[in-house]
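> Got a predicted structure plus its sequence, pasted below:
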Amino acid sequence: MERRTIGAGALAVGAVGLGCMPMSWAYSTSRQRGEESLRAVHRALDAGSTLLDTADMYGPFTNELLLGRVLRERRADAFVSTKVGLLVGDQHIVANGRPGYVKRACDASLRRLQTDVIDLYQLHRADPEVPVEETWGAMAELVRAGKVRALGLCAVGARPGRRPGARLHDGTIRQLERVQQVFPVSAVQAELSVWSPEALRTLLPWCETRGVGFLAAMPLGNGFLTGTLTPGEGFEADDPRARHPRFTAEMMAANQPIVAGLRRVARRHGGDVTPAQVALAWVLSRGRQVIPVPGTKHARWVAENAAAARLRLTERDLAEIARLPPARGSWD
């Protein structure tokens with residue numbers, strides 16, 4: 001698989017990563033199977049999808065434990081990205097950015113992952129009670145101690161709490177400017193897909209001008225862009241799509257023209273190409289520092305996603321995707 005680099009340290013990873021969250025957190029938890037998830041991780045590494053993206057809160061903790069079972073055998077094949085900064089309670093999630101906690105959490109992640117170093121350690125959310133510089137400073141100490149190779153900031157939760165009139169990633173960019181003064185940012189993770197292109201306006205350009213890698217979260221639109229979801233079929237209660245305004249039966253039906261457009265492009269590239277691969281190829285075309293991180297727990301979809309790295313969209317393809325209607329239904 002094509003290799004891409006993250007940050008000034010030029011950390012090399014496969015062009016398509018693997019989001020491990022669905023293996024043990026949200027997204028049809030009743031159908032989660034540990035052995036199938038292990039096969040999916042091995043398939044990803046075999047295909048060159050070396051970036052494995054997890055977090056201590058997924059499970060909580062069980063996602064890192066699962067990856068640790070693979071890493072104890074194949075650490076040299078993997079680029080390990082995990083996150084810190086969120087604590088999961090019975091009915092709530094809270095941020096914790098206190099330096100002492102960050103250091104303890106890193107040690108715990110290292111034990112669960114069965115490794116002596118984390119390749120990319122991301123701040124999952126900034127703690128409103130702790131200056132972000134203090135949290136980032138503690139993370140920088142972990143780099144200097146040899147426990148972490150590079151630092152990243154996760155901006156996936158940028159939608160809630162926006163000020164009226166503010167652009168989606170304005171707050172994230174302000175945080176990035178602050179922490180960049182403390183220690184270099186190697187990567188930013190944020191949502192980017194055909195139906196959620198907002199990061200193209202300000203956040204991705206910020207990364208491009210500073211040599212910062214961009215991990216594209218939810219590049220398949222939480223599964224919608226695969227064309228495999230049926231409007232009105234419903235979701236399990238703990239599936240985040242059950243509360244997402246784009247996943248009501250009405251909005252899923254209204255947004256079918258987006259999937260239809262991806263299907264048209266796919267057909268031009270042969271019968272084996274899928275809408276999901278077109279959607280991932282579009283994300284890959286956004287820049288050499290962009291690495292889509294589609295989440296799945298099935299080896300079959302891992303192989304399909306990895307194959308998208310070989311798909312080259314033409315100017316005609318890109319123009320047709322650009323003309324697709326904007327998605328209906330949003331958080332705003």
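Okay, I see it. Numbering: from 1, shown residues only.
> the strands in this protein, which residues?
For the chain, the strands defined by DSSP state E occupy 3-6, 11-14, 18-19, 51-53, 79-84, 86-88, 93-95, 118-123, 148-154, 187-191, 213-217, 290-293.
> Direction included, what does the first one pair up with?
Right, the one you point to is strand 3-6. Strand pairing for strand 3-6, determined by DSSP bridges: strand 11-14 (antiparallel).
> Could you do the fifth one as well?
Using DSSP bridges, the strands paired with strand 79-84 in its sheet are strand 51-53 (parallel), strand 118-123 (parallel).
> Contacts made by that strand with the rest, please.
With C-beta atoms under 8 Å, 6 or more residues apart in numbering as the test, strand 79-84 has contacts from 11-14, 17, 50-57, 64, 67, 71, 102, 105-106, 109, 113, 115, 118-124, 139, 152, 154, 187, 215. Bear in mind the C-beta positions are built from the backbone N, C-alpha and C, glycine included.
> and L18, bridged to which residues?
When assigned by DSSP bridges, L18 has beta-bridge partners L52.
> wouldn't it be in contact with A299 here?
No - L18 is not in contact with A299 according to C-beta atoms under 8 Å; the separation is 10.7 Å.
> okay, and the common contacts of those two?
The overlap between the contact sets of L18 and A299 (C-beta under 8 Å, 6+ apart) consists of A40.
> of those two, who's got more company?
L18 (30 against 19; other C-beta atoms under 10 Å).
> Which positions within stretch 263-279 qualify as buried?
Residues of stretch 263-279 classed as buried under the neighbour-count rule (16 or more other C-beta atoms under 10 Å) are V265, A266, H269, V273, T274, P275, A276, Q277, V278, A279.
> scratch that, stretch 243-251
By 16+ other C-beta under 10 Å, the buried positions in stretch 243-251 come out as H244, R246, F247, T248, M251.
> Pick out the residue closest to the middle of the chain.
Centroid check for the chain by C-alpha atoms, centre = their mean gives A217 as the closest residue, at 2.9 Å.
> Do I have it right that that one meets G19?
Yes - the criterion here is C-beta under 8 Å, and A217 meets it with G19 at 7.1 Å.
> Alright, I will stop here.
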